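1. Fold the following.
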Amino acid sequence: MIDADAECRRLAGFARPSAASPAGFWWLDESGHPDPAEPVHTWITARMTHVFALAHLRGDLPGSEAAELAAHGIRAMSGALRDDELGGWYASVSTDGEPIDTLKEAYAHAFVILAASSGVAAGVPGADALLDEALGVMQQHFLDDSGRVVDSLERDLGSGEAYRGANSSMHTVEAFLAAGDVTGDGAWHQRALAIAEHLIHDVARSHGYDLPEHFDLSWSPLLDYNADRPGDPFRPYGCTPGHLLEWSRLLLHLDASLPQPPSWLVEDARALFARAVEVGWSADGETGFVYTTSWDGKPVTRLRLHWVAAEALAAAGALHTRTGETTYDDWRQRFEAYIETHLVDREHGNWHHELDEHNRPSHVVWHGKPDVYHAYQALLLARLPLAPVLSVQLRQPQEPPREVGS
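-> Here you go, the predicted structure:
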């Protein structure tokens, strides 16, 4: 089985070259070199900042290297990636800091909150101010009157596309859990609960836990969305088993974070995991999770993406921690064995981000190895308590929560 501590150190080491641009963290290729064909993405910069903040708290890199890398990310999100004229964060900039994609995405903003939260826990300079600003932007512009997530906006934070999505909502739940734990403000946990209650306890449950990913502005499911692009990296057609697994563990984090959690959190976490395994695991006769399935539970995109296996590992570990049932630990060990056998790249580093239907390296949906976020944190999530969030657990000594705006 995987030595989690050694693997976290190896993943952090692989990611170090991504800090090659002052504008943020670069997309990495198969060998861990910056990919000059890609701009600097806010979501990658934020995810890598989160990882390096955790790596600093764990001591995964020599000396102060991880702290310096986390500080690099906080500076980038406070600088080139931030729209200091109109507010919010660009989707991407050039390596010298010129805006390329000025769309303002809830997905990227959620990761800015996650990164800033981890930065605060790790004591990274500037993280407090970044977190306060990011939470303000998210609450003012990316939550509608019912507390649901607005997927994207134009640069002026005005009108956006006629689309709502479960993916950005899921990562907003993750971000709000982190913000609530780091600031001590339970209102962020309640906002996360409201998003999860709508999408999981209402929408997913009414669809047999095959969660629709795409919606119109009134949150009516668009079941045929991207049917002609079933392997889209962010908005694929059909059900995404990996997201069922990711939601499963997030519900358990919510359950552990709330003073009076509703019973459906654990019930739905179990059901999501069961459905993901039923329709996704070895669904085509080959080991591993397929990327997407149709609404009758059949494989659509048979590629195996590394983040799905990572979330399966984390979800199984979380369910075992919450329930104590050995069947979930059996699944955790099965997923970990799959990762060790097929995904861990001992030659070039990191994990293969994509495999084909026969578990051979592939590059249809993803090219290169953009970041280490899913792999790194899954190894910890599968083994540590469900609450508080990783950065707060790893912070030593334990400090009292800070007040927002302090």
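
2. Who are the contact partners of residue 274?
-> If you count contacts by Cβ atoms under 8 Å, 6 or more residues apart in numbering, residue 274 has them with residue 209. Just so you know, the C-beta spots here come from the backbone N, C-alpha and C atoms, and that holds for glycine as well.

3. Name the helix or strand for it, please.
-> Using DSSP states H and E, residue 274 maps to helix 264-280.

4. Name the surrounding residues that touch the helix or strand just after that helix.
-> Under the assignment DSSP H and E, the closest C-terminal helix or strand after helix 264-280 is strand 292-293. Counting by Cβ under 8 Å, 6+ apart, strand 292-293 makes contact with 210, 230-231, 236-241, 279-280, 283, 299-301, all of which sit outside it.

5. next one: stretch 203-222
-> Contacts of stretch 203-222 with the rest of the structure, by Cβ under 8 Å, 6+ apart, involve 148, 162-167, 198-200, 223, 225-226, 235-236, 238-240, 243-244, 247, 268, 271-272, 274-275, 279, 293, 295, 297.

6. Could you do stretch 228-236 as well?
-> For stretch 228-236, the surrounding residues in contact (Cβ under 8 Å, 6+ apart) are 107, 165, 167, 213-214, 225-226, 237-238, 291-292, 300-301, 303, 364-366.

7. Report the buried residues of that stretch.
-> With burial defined by 16 or more other Cβ atoms under 10 Å, the residues of stretch 228-236 counted as buried are 231, 235-236.

8. Among the residues you listed, find the lowest-pLDDT one for me.
-> Going through these one by one, the lowest pLDDT turns up at residue 231, 94.

9. Is that one part of a helix or strand, or is it coil?
-> Put simply, residue 231 is coil when judged by DSSP: H, G, I helix; E, B strand; the rest coil.

10. So which bits of stretch 288-307 are buried?
-> The neighbour-count criterion (16+ other Cβ under 10 Å) identifies 288-295, 299-307 as the buried residues of stretch 288-307.

11. again with stretch 358-372
-> Those buried within stretch 358-372 under the rule 16+ other Cβ under 10 Å are 359, 362, 365-372.

12. mind listing what residue 119 touches?
-> Applying Cβ under 8 Å, 6+ apart as the definition, the contact partners of residue 119 turn out to be 49, 53, 70, 73-74, 126-127, 130-131.

13. Can you tell me, leaving aside adjacent residues, what's nearest to it?
-> Here the nearest residue to residue 119 in space, its sequence neighbours aside, is residue 127; by Cβ to Cβ, 6 or more residues apart in numbering that works out to 3.0 Å.

14. contacting residues for that neighbour?
-> Contacts of residue 127 were listed using Cβ under 8 Å, 6+ apart, and they are 74, 116-120.

15. Which members of those are the farthest-apart pair?
-> When the contacts of residue 127 are compared pair by pair using Cβ to Cβ, the two farthest from each other are 74 and 117, 11.4 Å apart.

16. that older thread, farthest pair within the contacts of strand 292-293?
-> By the measure Cβ to Cβ, 210 and 231 form the most distant pair in the contacts of strand 292-293, at 18.0 Å.

17. So residue 43 sits against residue 111, correct?
-> Yes - counting by Cβ atoms under 8 Å, residue 111 is a contact partner of residue 43 at 5.1 Å.

18. ok, those two, which is more surrounded?
-> residue 111 (29 against 23; other Cβ atoms under 10 Å).

19. any idea of the mean pLDDT in the host helix or strand of the more buried one?
-> Per DSSP H and E, residue 111 falls inside helix 106-121. For helix 106-121, mean pLDDT rounds to 98.

20. Please apply the same query to stretch 323-342.
-> The pLDDT scores in stretch 323-342 average 98.

21. Please apply the same query to stretch 252-264.
-> Confidence for stretch 252-264, expressed as mean pLDDT, is 98.

22. what do you get for stretch 298-307?
-> Confidence over stretch 298-307 (mean pLDDT, whole number) is 98.

23. Quick check: end-to-end length of that stretch?
-> The first residue of stretch 298-307 is 20 Å away from its last residue (Cα to Cα, to the nearest Å).

24. Spit out the contact partners of residue 25.
-> 15, 18-19, 40, 44-45, 48-49, 72-73, 76, 371.

25. what distance separates the helix holding residue 274 from the centre of its chain?
-> Relative to its parent chain, helix 264-280 has a centroid offset of 19 Å by Cα atoms, centre = their mean, to the nearest Å.

26. where does this structure have low pLDDT?
-> Under the criterion pLDDT under 70, the flagged ranges of the chain are 396-406.
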